[in-house]
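Peer 1: what's the 3D shape of this:
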Amino acid sequence: MPKQAGNSIATAFDLGTVDASIKISEDTISNTDSLGYYRFNITENSKLNIKLSGLSQNVDLFLLNVDGSQVVAQSAVGGNVDENIIQNLKAGSYYFYVRGGGTGTSYKIETSAISLGPIPADNAGENIDKARDLGTLSSTIVSFNDFVGDFNGLSQDSEDYYKFVLSENSTINLKLSGLTQNASLSLLNSDGSQFVQRSLNSGNADETINLNLKAGTYYIRVDRYGIGTTYKLEASAVSLGAIPVDNAGENFDKARDLGTLSSTVVSVNDFVGDFNGLSQDYSDYYRFVLSENSTVDLKLSGLSENADLYLYNSDGSRVLQRSEQLGNVDETISLNLKADSYYVLVTGYGNGTNYKLEASAVSLGAIPADNTGENIDKAKDLGTLSSTVVSFNDFVGNFNGLSQDSYDYYKFVLSENSTINLKLSGLTQNADLILYNSNGSQVLQRSTQSGNVDETICGNFNAGTSVITQAR
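Peer 2: Next up, the predicted model:
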């Protein structure tokens, strides 16, 4: 059989267009003419199969690129074993050659090419600067189909980039589905320099990202290193609303001033805690003034999550009362306080909550002056008693938790033997009346009626006897 193949690229034998049908050619080489070059064409991206068989001596098979300058693949098995090259190629014209290694041999060439289809267009950008713009996300799902990774060794598109805008703080939902190979989904910050969150499931499982984000610009990256995959990317966003303004102060120095409390309820609405992971405001401070001794009432209501309520003294160094109910139960504080300035603290934990703080104060009046002595040495002097009634008005006991005056002492003198009449009246609570000897060492008589009943003492005493009476 005469040789058909040429000895160089320039004289290569043209096999024409190779397609899915197997084309068979026969040729021969000799020990003096040991090279045979062939040229062929494929009209679309294909998996090429070249098989060399029917050998009586060893030959090697080499596939060259479009201009014949570079070996793309080779088969050099040894002996008279069949040589075979299977290679994915882009559409175009290529070369291969057969090289003998000793005495000549005839051989059969079988060629075929199975279409791989066109290289997928990269509709997403290959980097941040070329990212595909998804526009402003909303609750309407935006969906795109694309390909990422290695396309049969013919093209490499390892990363696809997308860009989107949030016009307001939102929960974003990203989903990567329809995968035939593993791929990863990443969310990047506004300049693409930092990962915000990634989804790295194994295999061809769907990848998802659900995250709360502030208004701004963000990037999505789809990665695939290795065999490529088609995918479907879905993106949407649900508004979270604006981050609540902190109308209360963040510490004692910046406490919001509620002014001077009165019986008219002062009401403020605010937010405390974590706002969807976008901002943290765990402490809200308020300040108020009491112009007179008052009963202060504080109420924290409208809670969706747990929050607590604290009342502090005038410099914030001491908690006077606290309300720490569990859950979203209302918190209340009611306490009698002296005229002064005070602080209120509202604290939140974890998920934030809106709240309504109500504050009011009802006057208790001035702390009664202690017009009598608080002990025997300071007893109020009633002078020398006579038939003329001596009368005094005063206060004894605890005044709304603001002052404690448990004992009032009086002393008097008898200028002659006399019958003494003592009466304690006008009581709103229980009080007792006790009569002591001249130095207070001995009780001479006492009246200890229960409740707010009048207390009376009546007895005969010698002139010159100085006695002391005590009310409590």
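Peer 1: need the contact list for Gln194.
Peer 2: Neighbour list for Gln194: Leu188 [criterion: C-beta atoms under 8 Å, 6 or more residues apart in numbering]. For glycine as for every other residue, the C-beta is placed from the backbone atoms N, C-alpha and C.
Peer 1: in three-state terms, label the residue nearest in space to the middle of the chain for me.
Peer 2: For the chain, the residue whose C-alpha lies nearest the mean C-alpha position (C-alpha atoms, centre = their mean) is Gly277; its distance is 2.3 Å. The three-state label given to Gly277 by DSSP: H, G, I helix; E, B strand; the rest coil is coil.
Peer 1: could you check the pLDDT of Asp405?
Peer 2: The pLDDT attached to Asp405 in the predicted structure is 86.
Peer 1: how far away is the closest residue to Asn212 other than its chain neighbours from Val346?
Peer 2: Take Asn212 and drop its neighbours on the chain: the residue closest to it by C-beta to C-beta, 6 or more residues apart in numbering is Asn276, 4.4 Å away. When distances are taken as C-beta to C-beta, to the nearest Å, Asn276 and Val346 turn out to be 19 Å apart.
Peer 1: so for those two, which residue has more residues nearby?
Peer 2: Taking other C-beta atoms under 10 Å, Asn276 and Val346 do not tie; Val346 has more neighbours (25 against 17).
Peer 1: which helix or strand contains Leu63?
Peer 2: Secondary structure here is read from DSSP states H and E; on that basis Leu63 sits in strand 59-64.
Peer 1: following that strand, which helix or strand comes up?
Peer 2: Note on strand 59-64: by DSSP H and E, the next helix or strand toward the C-terminus is strand 71-75.
Peer 1: what's the angle from that next one to strand 59-64?
Peer 2: For strand 71-75 against strand 59-64, the angle by axes from the mean of the first three to the mean of the last three C-alpha atoms, to 10 degrees is 160 degrees.
Peer 1: give me the contacts around strand 71-75.
Peer 2: Residues outside strand 71-75 that contact it (C-beta under 8 Å, 6+ apart) are 52, 60-65, 83-85, 87, 89, 94.
Peer 1: turn the residues you listed into CSV, columns for neighbour count, pLDDT and distance to Glu234.
Peer 2: What follows is those, written out as CSV (neighbours: other C-beta atoms under 10 Å; pLDDT from 0 to 100; distance: C-beta to C-beta, whole Å):
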residue, neighbour count, pLDDT, distance to Glu234
Leu52, 22, 97, 50
Asp60, 16, 95, 52
Leu61, 22, 97, 48
Phe62, 20, 98, 48
Leu63, 20, 98, 42
Leu64, 21, 98, 45
Asn65, 14, 96, 41
Glu83, 23, 97, 49
Asn84, 14, 98, 44
Ile85, 18, 98, 42
Gln87, 16, 98, 37
Leu89, 23, 97, 35
Tyr94, 22, 98, 41
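Peer 1: quick one: those as JSON lines, columns for distance to Gln4 too.
Peer 2: As requested, the contacts of strand 71-75 are arranged in JSON lines below (distance: C-beta to C-beta, whole Å):
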{"residue": "Leu52", "distance to Gln4": "14"}
{"residue": "Asp60", "distance to Gln4": "19"}
{"residue": "Leu61", "distance to Gln4": "16"}
{"residue": "Phe62", "distance to Gln4": "17"}
{"residue": "Leu63", "distance to Gln4": "18"}
{"residue": "Leu64", "distance to Gln4": "18"}
{"residue": "Asn65", "distance to Gln4": "22"}
{"residue": "Glu83", "distance to Gln4": "18"}
{"residue": "Asn84", "distance to Gln4": "21"}
{"residue": "Ile85", "distance to Gln4": "19"}
{"residue": "Gln87", "distance to Gln4": "23"}
{"residue": "Leu89", "distance to Gln4": "23"}
{"residue": "Tyr94", "distance to Gln4": "18"}
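Peer 1: which of the residues you listed sits closest to Ser34?
Peer 2: Each of the contacts of strand 71-75 was checked against Ser34 using C-beta to C-beta; the closest is Asp60, at 10.2 Å.
Peer 1: residues touching the closest one, list them.
Peer 2: Shown here is Asp60, whose contacts under the criterion C-beta under 8 Å, 6+ apart are 74-76, 83, 98-99, 101.
Peer 1: report the buried members of those residues.
Peer 2: Among the contacts of Asp60, those buried by neighbour count (16 or more other C-beta atoms under 10 Å) are 75, 83, 98-99.
Peer 1: sort out for me which of those are in strands.
Peer 2: Cross-referencing these with the strands (criterion: DSSP state E) gives 75, 83, 98-99 as the overlap.
Peer 1: ok, so of those, who is nearest Asp330?
Peer 2: Within the set of those, Ser75 lies nearest Asp330; the separation is 83.9 Å, counting by C-beta to C-beta.
Peer 1: hang on, isn't Ala248 packed against Arg287?
Peer 2: No: with contacts defined as C-beta atoms under 8 Å, Ala248 does not count as touching Arg287, sitting 10.0 Å away.
Peer 1: shared neighbours of those two, anything?
Peer 2: Listed as contacting both Ala248 and Arg287 by C-beta under 8 Å, 6+ apart are 255-256.
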